[in-house]
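Peer 1: structure for the following, please:
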Amino acid sequence: MSAPPVSSLTPALVVLALFIFIMARRTVGQLQGTRFSAGRLFGFAGFYVLLFALLAAATLYAAVTNWGTAAYALFAPYVAVPAAAAYLAAPYVRRVVRFELRSDGQWYYRLSWHVPVLYLSLFVARIVAEVAVLGLSAVLVTFPPPAPSSAGAVEILIGVDLLFGLSLGLLVGRGIGVYRAHRDLSSSSGAPSPPSPPLPSG
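Peer 2: Just a heads-up that it's a prediction; the model follows:
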């Protein structure tokens, strides 16, 4: 079966590029300072939880097809990896996030550069790995991507999924950490503790 022409993939390529651009823009915003919004934090995370569940279901179905009921053991790492990443990330982000009350009366927060950059890097690495296994057309034209028939390809996709699970856990943990730090801030006397360095105005 021949691959579709590049022209037919153009809309999907544009969507993928736009998606990565939005994530990169959010990364820059969190480095420079972005307005705190609990709805935005957890709404964004909720979307990725759903996306991870759909992709995991497709891979696990292929694993069961190849390995039978033994593949059900994969549920443990699929839950443990994002849960462990969130568990470790939340208290760390809670310690390193910095807040500033700006002239518009809103709290803005900033993260150390390696926190959002690590998440973005893991997400992009996951896309690159999936394209390498399934091909560009399979990843972009269909969702969830078609499950590979060979056991070796399934193993690679399991690793790709767990990489996504790691970045998902960091995202969820980041949201929890920022939310808890903001809650601590709200329950204090109204000033950040410890004192926060000034954030860029842009």
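Peer 1: which residue packs closest to L118, ignoring adjacent ones?
Peer 2: L170 (6.7 Å; C-beta to C-beta, 6 or more residues apart in numbering). Using the backbone N, CA and C atoms, a C-beta is placed for each residue, glycine as well.
Peer 1: doesn't Y87 make contact with the one you found?
Peer 2: No - L170 is not in contact with Y87 according to C-beta atoms under 8 Å; the separation is 10.8 Å.
Peer 1: tell me which residues touch the residue nearest the centre of the chain, please.
Peer 2: In the chain, the residue lying closest to the centroid (C-alpha atoms, centre = their mean) is L168, at 4.0 Å. Taking C-beta atoms under 8 Å, 6 or more residues apart in numbering, we find L168 in contact with A45, Y48, V49, F52, P82, A85.
Peer 1: next one: phi and psi at it?
Peer 2: When read as degrees, to the nearest 10, the backbone of L168 gives phi -60, psi -50.
Peer 1: what's the pLDDT at it?
Peer 2: Looking at L168, its pLDDT stands at 89.
Peer 1: now A80
Peer 2: pLDDT, read off for A80, is 95.
Peer 1: again, but for F164
Peer 2: Value for F164, per-residue pLDDT: 86.
Peer 1: count of residues packed around it?
Peer 2: 24 (other C-beta atoms under 10 Å).
Peer 1: flag the helix or strand of the chain with the lowest per-element mean pLDDT.
Peer 2: One helix or strand of the chain scores below all others by mean pLDDT, DSSP states H and E: helix 136-141, with a mean of 58.
Peer 1: from W107, how far out is the closest residue in space to Y48 that isn't next to it in sequence?
Peer 2: Leaving aside its chain neighbours, Y48 sits nearest to L168 (5.3 Å; criterion: C-beta to C-beta, 6+ apart). Applying C-beta to C-beta, to the nearest Å, the value for L168 to W107 is 25 Å.
Peer 1: could you do G29 as well?
Peer 2: Taken as C-beta to C-beta, the span from G29 to W107 is 14 Å.
Peer 1: dump the residue contacts of the nearest residue to V97 once chain neighbours are set aside.
Peer 2: What sits nearest to V97 in space, not counting adjacent residues and going by C-beta to C-beta, 6+ apart, is A181, at 4.8 Å. Contacts for A181 (C-beta under 8 Å, 6+ apart) come out as V93, R94, V97, F99, Y109.
Peer 1: which sections of the protein are below the confidence cut-off?
Peer 2: Where the chain drops to pLDDT under 70, the residues are 1-12, 15, 134-150, 188-202.
Peer 1: doesn't I158 fall inside a strand?
Peer 2: No - I158 sits outside any strand when classified using DSSP: H, G, I helix; E, B strand; the rest coil, being helix.
Peer 1: appreciated, that's everything.
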